[in-house]
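**Student:** fold the stuff below for me.
(one chain, ligands or ions: 1)
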Amino acid sequence: MSWTNESARELASQFARRYGREPERIFRAPGRINLVGEHTDYNQGLVLPMGIALETLAAVAPRADRTVEVASLNRRSQWRFDLDAEPCARPTELRWTLYVEGMARVLDQQTPGLGRGADLLVHSTVPEGAGLSSSAALEIAVGAALLWAAGRRLPERELARAGQQAEHHYVGTRCGLMDQLTAVFARRGHALLIDCRTLEIEPVAWPREEPVGLAVCNSGVKHELASSAYNQRRAECERGVEILCRSDRIASLRDIEPNDWPRYETLLPEPIRRRCRHVVYENARVRSFVAAMRAADVEHMGRLLLASHASLRDDYEVSCAELDFLVEAAMNTPGVIGARMMGGGFGGSTINLVRRDAQERFVNAVTDAYRRAFGLTPEIHFVESADGVGEWG
Ligand code: GLA
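**Tutor:** Below you'll find the model as predicted:
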């Protein structure tokens, strides 16, 4: 295989150094942002993510035995496991390997399994803990690589599901399907309107004629609470549905429209009532955001981002001081149209809708303010959209 681009050549040469042979293929999968629709995916709701040009690469060569070996250029660490042996515990610094091993085992448990193992070398430009789905990018790039090495094909939605299963059963996060579906189906220049009940996906073009762009601002913090609170929020929503379905035909919070909410809310105790209210209104915001994108109404897009943030902060209670501060600092900057926290919460990033001529001002103002308040430098990326999983190089 001759690699057409610089980073592919570099990854291939590192692979050769480590394994004593050339990789046979390189696969890539993107990180993602989410415009709006937070904590709705596991409630069978609507989400509006977009794949970004920060990505994970997985170089691969098949092996004759049932061993999988994986090394990470970012982490400078590696892990090796036998598909026929029980998974074993690993130190915290090797936690990243759970995503790889989880993916391999989930794919191997299917019929047909993987058959043989593979040597893998991964490299990623998706920052970790930033709420940009570095884990889904890793799962999907590695999943595609392992399937190729095994000579197997899998429908795309099934590949996404395998990533989610890896998180549920091997990592311990009961995540929805948004991140994995985006890593698989992302389309350049578009966001994906995903209906998490039917898994229908509709690409929605970014309004190119408008001089506005998206910026991700990484707070650099990830509070301990993140994973346990995520599972707890999910359980609270499930409890809400359990209560509501006693008196009505509700299969999920998706079945409730904002107009009908006053009828339901009195049935729920706090804090479940507020959790459910967030989901009901957030689904409606996704629909409105799509309409605003199609009408290139950036002001309305901005208002929806702010409303989503307020709801995540006050009703869903997954924000934190750093994220609230970053949103406020952004909104104090002329040329910023809207901002909100993004992803699971308790740290990670904000997403900001910024006029193109205000980008520099935005970076300076937010960086200064955040440094003064928290002594931390935020990492700011202007978003470029990207396609979903594919072969690379
Ligand atoms: C994480 C999960 C997703 C989704 C978001 C919140 O990124 O992996 O499934 O639930 O949080 O919207």
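
**Student:** next up, the contacts around R371.
**Tutor:** Contact analysis of R371 by CB atoms under 8 Å, 6 or more residues apart in numbering lists T377. No exception for glycine: its C-beta is placed from N, CA and C like everyone else's.

**Student:** whichever strand or helix holds I26 pairs with which strands?
**Tutor:** Element membership for I26, per DSSP states H and E: strand 25-34. Strand 25-34 has the following strand partners under DSSP bridges: strand 49-62 (antiparallel), strand 390-391 (antiparallel).

**Student:** can you put these in TSV and add mean neighbour count and mean pLDDT?
**Tutor:** Output for the strands paired with strand 25-34, formatted as TSV (neighbours: other CB atoms under 10 Å; pLDDT from 0 to 100):
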stretch	mean neighbour count	mean pLDDT
strand 49-62	24	98
strand 390-391	12	96
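
**Student:** quick one, which of the ones you listed is nearest to R355?
**Tutor:** strand 49-62 (18.6 Å; CB to CB).

**Student:** and the following helix or strand past that closest one, which strands flank it?
**Tutor:** Note on strand 49-62: by DSSP H and E, the next helix or strand toward the C-terminus is strand 67-72. Sheet partners assigned to strand 67-72 using DSSP bridges are listed as strand 77-82 (antiparallel), strand 118-124 (parallel).

**Student:** quick one on the thing from earlier: what is the mean pLDDT for the strand holding I26?
**Tutor:** Across strand 25-34, pLDDT averages out at 98.

**Student:** show me the contacts for the nearest residue to M50 once chain neighbours are set aside.
**Tutor:** Closest residue to M50 apart from its sequence neighbours, by CB to CB, 6 or more residues apart in numbering: A191 at 4.3 Å. By CB under 8 Å, 6+ apart, A191 lies in contact with L35, L48, P49, M50, P203, V204, W206, M293.

**Student:** so the third one is in contact with L177, correct?
**Tutor:** No: here P49 lies out of contact with L177, judged by CB atoms under 8 Å, at a distance of 10.8 Å.

**Student:** what touches both of these two?
**Tutor:** I194.

**Student:** and the top helix by length along the chain, how far out from the chain middle?
**Tutor:** Ranked by number of residues, the top helix in the chain under DSSP state H is helix 272-294. Mean C-alpha position of helix 272-294 versus that of the full chain (CA atoms, centre = their mean, to the nearest Å) differs by 18 Å.

**Student:** that older thread, show me which of the contacts of A191 are buried.
**Tutor:** Neighbour-count burial (16 or more other CB atoms under 10 Å) applied to those gives L35, L48, P49, M50, V204, W206, M293.
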